[in-house]
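Q: have a look at this fold, sequence not included:
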């Protein structure tokens, strides 16, 4: 089975959350959804499992996380044990693309990984296949805070080939897919900083320890340009949020 390229696990080696959310925002989202004990969750592309693990601790939910990274999956299992919730949540190494739960779940999530459905529409369709009637979906997705002015912005925001939308247009897209948008929690620039800027220290520490690795030149070049590019483009142009959706009757 394929694995996540090593460069990603190096960049985010200290991260417990692999998107522009902070622990506080994950907590806010869980509270906003009024999660009740026993809520069954499927988290596709679950990373190191922080959302499932902390919600299991705080709300006594249960669930399964599926992620293609062996490194992240192992860390998710360790985190579940640390928080004393290994009996409530399970983490599976697997390709989230096309994954459907064996039994319907109350909440199906794809947070920051809509590539698994080739975009928002396909990811919504994929989540629906695991959802019980009346259940809820979570989609985490970037949006344009400001329209990109030129190709340089698009490239710096890693938006080539992507279909990012301004926030109102993204909400309209969800409506057009037959969904009611019933909640949302948005990242802010500070939480973006905690996600992206933390990568630079991870890279530098890795470079100091692995100067002769085959990825060293690539990551050295990235570290030389990433802070300025982030401040000039991503921080100003990109937003990110998690959107709670329910199918309209």
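A: Perfect, thanks for sending it. Only a predicted model underlies this, so the values are computations on that prediction, with no experimental measurement involved.
Q: give the rounded mean pLDDT of stretch 16-30.
A: What stretch 16-30 shows for mean pLDDT is 97.
Q: the helix of greatest length in the chain - contacts with which helices or strands?
A: Here the longest helix in the chain is taken by residue count, with DSSP state H as the criterion, and it is helix 189-209. Secondary-structure packing of helix 189-209 (3 or more C-beta pairs under 8 Å, 6 or more residues apart in numbering; DSSP states H and E): helix 6-11, helix 216-229, helix 235-237. All C-beta spots, glycine's among them, are computed from the backbone N, C-alpha and C.
Q: can we see that at 6 Å?
A: Counting contacts by 3 or more C-beta pairs under 6 Å, 6 or more residues apart in numbering; DSSP states H and E, helix 189-209 packs against helix 6-11.
Q: touching the helix it packs on from outside, list them.
A: With C-beta atoms under 6 Å, 6 or more residues apart in numbering as the test, helix 6-11 has contacts from 71, 199, 202, 206.
Q: let's go with 10 Å and repeat that
A: Here helix 6-11 makes contact (C-beta atoms under 10 Å, 6 or more residues apart in numbering) with 3, 15, 18, 48, 69-72, 75, 196, 198-200, 202-203, 205-207, 210, 213-215, 218-219, 222, 226.
Q: buried among those? Need that as a selection in PyMOL.
A: The buried residues among these can be selected in PyMOL (16 or more other C-beta atoms under 10 Å) with this line:
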select buried, resi 15+18+48+69+71+72+75+196+198+199+202+203+206+207+215+219+222+226
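Q: now do the helices in this protein.
A: 6-11, 23-32, 50-59, 70-82, 120-128, 151-156, 167-176, 189-209, 216-229, 235-237.
Q: run the angle between the fifth one and helix 167-176 for me.
A: Interaxial angle of helix 120-128 relative to helix 167-176 (axes from the mean of the first three to the mean of the last three C-alpha atoms, to 10 degrees): 50 degrees.
Q: touching helix 120-128 from outside, list them.
A: Outside helix 120-128, the residues that touch it by C-beta under 10 Å, 6+ apart are 42, 44-45, 96-101, 105, 107-110, 113-118, 135-141, 163-165, 170, 173-174, 176-179, 243, 245, 247.
Q: pLDDT of that helix, averaged?
A: In this model, helix 120-128 has a mean pLDDT of 98.
Q: and the fourth one, by the same measure?
A: Taken as a whole, helix 70-82 carries a mean pLDDT of 97.
Q: what's the angle between that helix and helix 50-59?
A: Between helix 70-82 and helix 50-59, the angle comes out at 10 degrees (the same axes, to 10 degrees).
Q: what is the least confident helix or strand in this protein?
A: helix 151-156 (a mean of 92; mean pLDDT, DSSP states H and E).
Q: from the contact counts, what lies against that helix?
A: Judged by 3 or more C-beta pairs under 10 Å, 6 or more residues apart in numbering; DSSP states H and E, helix 151-156 is in contact with helix 216-229, helix 235-237.
Q: need the residues that contact the shortest one.
A: Put plainly, it is helix 235-237. By C-beta under 10 Å, 6+ apart, helix 235-237 touches 142, 144-149, 153-154, 156-157, 159, 164, 189, 192-193, 196-197, 229-230.
Q: tell me which residues of that helix come out buried.
A: 235, 237.
Q: got the contact list for stretch 190-209?
A: Outside stretch 190-209, the residues that reach it (C-beta under 10 Å, 6+ apart) are 7-15, 17-25, 112, 187, 213, 215-217, 219-220, 222-223, 226-227, 229-231, 234-235, 238-240.
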